[in-house]
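K.L.:
everything below, folded, please.
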Amino acid sequence: MIKIDGGVTSAKGFQAAHTGAGIKYSGRDDMAMIYSELPCRTAGTYTKNVVKAAPVQFDRMRTDNTGNIHAVVVNAGIANACTGALGLKCCQETADVTAEALGVRSDSILVASTGVIGFQLPMDKVAAGVQAMVPILSDSREAGHLAAEAIMTTDTKPKESAVTFEIQGRTCTLGGMTKGAGMIHPNMGTMLCFLTTDCEIEKWALMDALKDAVKDSFNMVSVDGDTSTNDTCIVLSNGAAENPLITRESEDYSIFLEAIRTVTKDLAKQMAADGEGASRLFEAKVIHAASEKDARVLAKSVITSNLTKAAIFGKDANWGRILCALGYSGVNFDPERVDLTFVSDKGQIQLIENGVALDYSEDLATEILSSDAVTCICDMKQGEDTATAWGCDLTYDYVKINADYRS
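P.N.:
Below is the predicted model:
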């Protein structure tokens, strides 16, 4: 497994394009397209919010039931959520326009949207955007990077990742891009994510791998406790690497699973670090939990605690907030056995041992907490299972960004 500089165009046969359609923003790109001339097997995971945006409903039917997907069209600025029958009609019209421009079937097109809820898409601008992108589709690294930039909303930077791996002598690649900085909370993959691979893998194996990867990556991220109406994670496989077909029972399945886990975890950490208003990445690593499920619940409870997030922003080693967050998680454990340790590139410091505070230096703790990335290791001493969750600090800027988001 080799990590490379790449994104959605890294895998063989995938192209991308971008454009500024003026859907909501002016002076910047707000549409992107991913395309494979070869038809793709697909899998997707989607928001568990009862309020589901039109693109989620539209794509779910296609990724669950059909293959032969050729393209995904994404817009930023307007979410196409809570838009009724007209919203679904806009999805179909986008697919129709794209299919005609690419010369493929309309049912081979997926769509995705992100932005403000409750507004209808301006279909004249969407259609013009599609027409502008098709002629400039490219498999270059730059094309993939600019596509990742085009789908941002309150993100401050694009998020991309890619790896190469060997399947029976064939080099395969898996790359991806995400957007997401706010309305991020564990409940599927809370963002837009698009993964592309040239690995030949059957649909059901692809679906199983995606669900497994999402469980320990995007489902372990929280910025603000809100689960979006538009959360979508789609993987496309075109088989261009021409490796022997991977099935769920294949020995090679574990190699593909490692690849998709690696990319999704990398993207998840990038999203957490770029949380709205964030000044640092906050990671909670629970070790020696009684079960894998307990470890996940405990880790997520720590990174979703607003009091803990505020303390991380203030560089305050207020370990009581962390122990409290573990305590209300719903997991049963012995608080008099818990150890807590902070770790960063500036060193590490243990704060409590067996549930009791140690005589530690507050100045050293503050220095460790001033790093761009901080980890809290929670040793539960209950068993052998481990889980990691990613979040960020809670800053004044988070309120500023969300107070005037619609304007």
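K.L.:
name the SS class of residue 73, please.
P.N.:
At residue 73 the chain is in strand, as set by DSSP: H, G, I helix; E, B strand; the rest coil.
K.L.:
was I right about it contacting residue 33?
P.N.:
Yes. Between residue 73 and residue 33 there is a contact under Cβ atoms under 8 Å: 5.3 Å. Just so you know, the C-beta spots here come from the backbone N, C-alpha and C atoms, and that holds for glycine as well.
K.L.:
for residue 192, see how far away the nearest residue to residue 179 once chain neighbours are set aside is.
P.N.:
Leaving aside its chain neighbours, residue 179 sits nearest to residue 151 (4.5 Å; criterion: Cβ to Cβ, 6 or more residues apart in numbering). According to Cβ to Cβ, to the nearest Å, residue 151 and residue 192 sit 6 Å apart.
K.L.:
ok, back up a step: quick check: neighbours shared by residue 73 and residue 33?
P.N.:
Counting by Cβ atoms under 8 Å, 6 or more residues apart in numbering, the shared contacts of residue 73 and residue 33 are 98, 130.
K.L.:
helices along the stretch 1-150 of the chain, start to end?
P.N.:
Secondary structure of the stretch 1-150 of the chain by DSSP state H, counting those that start in this stretch: the helices cover 54-65, 84-102, 123-133, 141-150.
K.L.:
right, and those - which one's nearest residue 21?
P.N.:
helix 123-133 (3.3 Å; Cβ to Cβ).
K.L.:
elements contacting that closest one?
P.N.:
Judged by 3 or more Cβ pairs under 8 Å, 6 or more residues apart in numbering; DSSP states H and E, helix 123-133 is in contact with strand 14-19, strand 31-46, strand 69-78, helix 84-102.
K.L.:
residue most distant from the centroid, the protein?
P.N.:
residue 359 (39.3 Å; Cα atoms, centre = their mean).
K.L.:
what pLDDT does it get?
P.N.:
Residue 359 is assigned 94 on the pLDDT scale.
K.L.:
phi, psi of residue 285?
P.N.:
With angles defined as degrees, to the nearest 10, residue 285 sits at phi -110, psi 110.
K.L.:
state the distance from the closest residue to residue 117 other than its chain neighbours to residue 52.
P.N.:
Excluding the flanking residues, the one nearest residue 117 by Cβ to Cβ, 6+ apart is residue 81, at 4.5 Å. Distance, residue 81 to residue 52, by Cβ to Cβ: 8 Å.
K.L.:
SS state for residue 311?
P.N.:
helix.
K.L.:
what ranges does the stretch 151-300 of the chain have for its helices?
P.N.:
According to DSSP H, counting those that start in this stretch, the helices that the stretch 151-300 of the chain contains are 203-215, 253-273, 292-303.
K.L.:
dump those helices to CSV, plus mean neighbour count.
P.N.:
Shown next, in CSV, are these (neighbours: other Cβ atoms under 10 Å):
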stretch, mean neighbour count
helix 203-215, 20
helix 253-273, 22
helix 292-303, 23
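K.L.:
which of the ones you listed sits closest to residue 353?
P.N.:
Short answer: helix 292-303, nearest of the helices of the stretch 151-300 of the chain by Cβ to Cβ, at 17.8 Å.
K.L.:
so what's residue 322 up against?
P.N.:
Contacts of residue 322 (Cβ under 8 Å, 6+ apart): 302, 305, 308, 340, 376, 378.
K.L.:
in a helix, it, correct?
P.N.:
Yes. Checked against three-state DSSP, residue 322 lies within a helix.
K.L.:
please report how far it lies from residue 377.
P.N.:
Counting by Cβ to Cβ - residue 322 and residue 377 are separated by 11 Å.
K.L.:
need the residues touching each of these two.
P.N.:
Joint contacts of residue 322 and residue 377 (Cβ under 8 Å, 6+ apart) are residue 340.
K.L.:
circling back: for the helices of the stretch 151-300 of the chain, which one sits closest to residue 402?
P.N.:
helix 253-273 (16.5 Å).
K.L.:
residue ranges in the chain under the pLDDT threshold?
P.N.:
Within the chain, the segments meeting pLDDT under 70 span 66, 181-190, 223-228, 405-407.
K.L.:
what's the neighbour count on the closest residue to residue 301 other than its chain neighbours?
P.N.:
Distances taken as Cβ to Cβ, 6+ apart put residue 329 closest to residue 301, at 3.6 Å, once the chain neighbours are dropped. If you count neighbours by other Cβ atoms under 10 Å, residue 329 ends up with 20.
K.L.:
what residues are up against residue 16?
P.N.:
By Cβ under 8 Å, 6+ apart, residue 16 lies in contact with 7-9, 32-35, 137-139, 143-144, 146-147.
K.L.:
swap in 7 Å and give it another go.
P.N.:
Residue 16 is in contact with 8, 9, 32, 33, 34, 137, 138, 143, 144, 147, counting by Cβ atoms under 7 Å, 6 or more residues apart in numbering.
K.L.:
residue 54 now?
P.N.:
80, 81, 83, 87, 88, 90, 91.
K.L.:
look up how far residue 90 lies from it.
P.N.:
7 Å.
K.L.:
then residue 62?
P.N.:
Counting by Cβ to Cβ, the gap from residue 62 to residue 90 is 16 Å.
K.L.:
the two - which one has more neighbours?
P.N.:
residue 90 (24 against 20).
K.L.:
surely the more buried one is in contact with residue 125?
P.N.:
No. Checked against Cβ atoms under 7 Å, the pair residue 90 and residue 125 is beyond contact range at 11.3 Å.
K.L.:
which neighbours do these two have in common?
P.N.:
What both residue 90 and residue 125 touch, as defined by Cβ under 7 Å, 6+ apart, is an empty set.
K.L.:
pull the number of nearby residues for residue 55.
P.N.:
31.
K.L.:
list the contacts of it.
P.N.:
80, 91, 111, 112, 113, 230, 232.
K.L.:
which one of these is nearest residue 205?
P.N.:
So of the contacts of residue 55, ranked by how close each gets to residue 205 (Cβ to Cβ), first place is residue 232, at 20.5 Å.
K.L.:
for the closest one, give me its contacts.
P.N.:
Contacts of residue 232 (Cβ under 7 Å, 6+ apart): 44, 46, 55, 56, 59, 112, 192.
K.L.:
dump the residues you listed into CSV; add distance to residue 99 as well.
P.N.:
Listed next are those as CSV, based on distance: Cβ to Cβ, whole Å:
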residue, distance to residue 99
44, 19
46, 22
55, 16
56, 20
59, 15
112, 16
192, 21
